[in-house]
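Enquirer: Requesting a structural model of the entry that follows:
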Amino acid sequence: MRTTVFTIALVALPGIAFADPLPSWNEGDAKSAIIAFVDGVTDPGADTYVTPEDRIAVFDNDGTLWTEQPAYFQLLYAVDVLREKAAADPSTLTSDILQAANDGDMEGMLANGNEGLIEIINISHAGITPEDFKASAYEWLTTATHPSTGKTYASMIYQPMLELLSYLRDEDFKTYIVSGGGIDFIRAIADDAYGIPPWQVVGSEGDTSYAVSDDGTPTVTKNGGLTFVDDKEGKPVGIMSHIGQRPIFAGGNSDGDFQMIEWTTAGDGPRFGLLIHHTDAEREFAYDREGHIGTLNRGLDEGPDRGWVIVDMAQDWEQVWPDGE
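Expert: As a prediction, the model looks like this:
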């Protein structure tokens with residue numbers, strides 16, 4: 001694997017002020033490394049120059065661009081929809097897993113792993129058109145509130161990561177989301193939240209079908225289930241299926257992102273791997289090696305030796321949320 005290490009020197013010129021592209025990032029190694037990398041790949045006179053068409057940056061979503069605690073937002077959305085349906089029709093609760101979800105029993109919800117989660121998610125994700133689903137998800141994300149912060153879920157995005165996305169796009173990068181979350185759930189909010197259009201979102205996918213009704217109306221319907229998991233080894237596969245080329249910049253926060261960052265940084269030329277380490281229990285959440293989601297073991301153990309940048313949220317971020325907190 002070849003990884004290029006960058007250093008940067010900013011020379012102050014009389015009468016010229018340099019705008020800080022990452023104002024919510026504290027001065028330190030992480031911020032300096034990002035700026036040095038971007039400067040190196042965008043300077044036509046540098047050996048490290050990368051043409052704009054090859055400036056592809058990919059980011060995980062849950063825990064990287066927005067919060068993922070106490071559970072993935074998509075699961076919390078599915079549980080809320082389930083509760084609404086169960087209140088109207090108790091016969092909806094056809095299994096112990098669905099009953100646990102309705103009762104808010106996290107341990108019970110996770111008891112059957114992915115199969116149990118799919119059963120919960122299917123209540124809100126199946127038998128609906130993608131358009132209607134995305135409208136429902138958007139309304140929930142922008143109106144429902146997080147149990148501990150009281151913020152809407154859509155507002156619990158990370159200001160420093162918004163700045164990073166904007167900075168990269170200003171330097172002619174194309175930014176993509178590559179997430180284990182459902183592709184339509186993320187597409188519902190990605191443009192408004194991050195400035196990333198739906199066609200630049202890669203995610204897990206369920207079964208979808210096309211049919212023409214008796215009155216001649218063509219319809220695409222989400223049928224539920226899970227046909228592609230965009231996590232771990234699936235992320236490089238999803239990138240090639242949707243984007244068609246290896247990125248030069250990859251960011252994540254857990255070992256579910258390891259293969260994406262590994263594959264990205266194994267390419268020729270300048271490469272950048274970034275991991276968000278959740279160390280800030282006061283402003284957000286602190287977790288890494290243990291837990292039900294977002295575990296980070298291999299990335300902490302191997303990332304530094306691979307040249308990846310580990311972002312310490314408590315130390316490297318001056319601000320967490322867009323509202324100034």
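
Enquirer: Stretch 107-120: end-to-end distance?
Expert: In stretch 107-120, first residue to last residue: 14 Å (CA to CA, to the nearest Å).

Enquirer: which other residues reach it?
Expert: 75, 78-79, 82, 95-101, 224-226, 229, 292 (CB atoms under 8 Å, 6 or more residues apart in numbering). Quick note: C-beta positions are derived from backbone N, CA and C, even for glycine.

Enquirer: residue contacts, the closest residue in space to residue 225 that isn't next to it in sequence?
Expert: Leaving aside its sequence neighbours, residue 225 sits nearest to residue 207 (CB to CB, 6 or more residues apart in numbering; 4.6 Å). By CB under 8 Å, 6+ apart, the residues touching residue 207 are 222, 223, 224, 225, 227.

Enquirer: Quick check: closest non-adjacent residue to the second one.
Expert: It refers to residue 223. Nearest non-adjacent residue to residue 223, counting by CB to CB, 6+ apart: residue 207, 4.2 Å away.

Enquirer: how much space between that neighbour and residue 183?
Expert: According to CB to CB, to the nearest Å, residue 207 and residue 183 sit 13 Å apart.

Enquirer: do the same with residue 176
Expert: 12 Å.

Enquirer: Overlap in contacts, those two.
Expert: 201, 202.

Enquirer: Which parts of the stretch 151-300 of the chain are helices?
Expert: For the stretch 151-300 of the chain, the helices defined by DSSP state H, counting those that start in this stretch cover 159-170, 183-187, 190-194, 234-242, 258-265, 298-302.

Enquirer: tell me how far the last one is from the chain's mean position?
Expert: Meaning helix 298-302. Averaging C-alpha coordinates over helix 298-302 and over its chain gives two centres that are 19 Å apart (CA atoms, centre = their mean, to the nearest Å).

Enquirer: still on that earlier bit, who's the residue nearest to residue 223 bridged to?
Expert: residue 224 (DSSP bridges).

Enquirer: Now for the chain, the helix or strand with the poorest mean pLDDT.
Expert: Ranking every helix and strand in the chain by mean pLDDT, DSSP states H and E puts helix 106-109 at the bottom, with a mean of 84.

Enquirer: Now do the buried residues in that helix.
Expert: 108, 109 (16 or more other CB atoms under 10 Å).

Enquirer: circling back: quick check, nearest of the contacts of stretch 107-120 to residue 263?
Expert: Comparing the contacts of stretch 107-120 against residue 263 with CB to CB picks out residue 229 as the nearest, at 16.3 Å.
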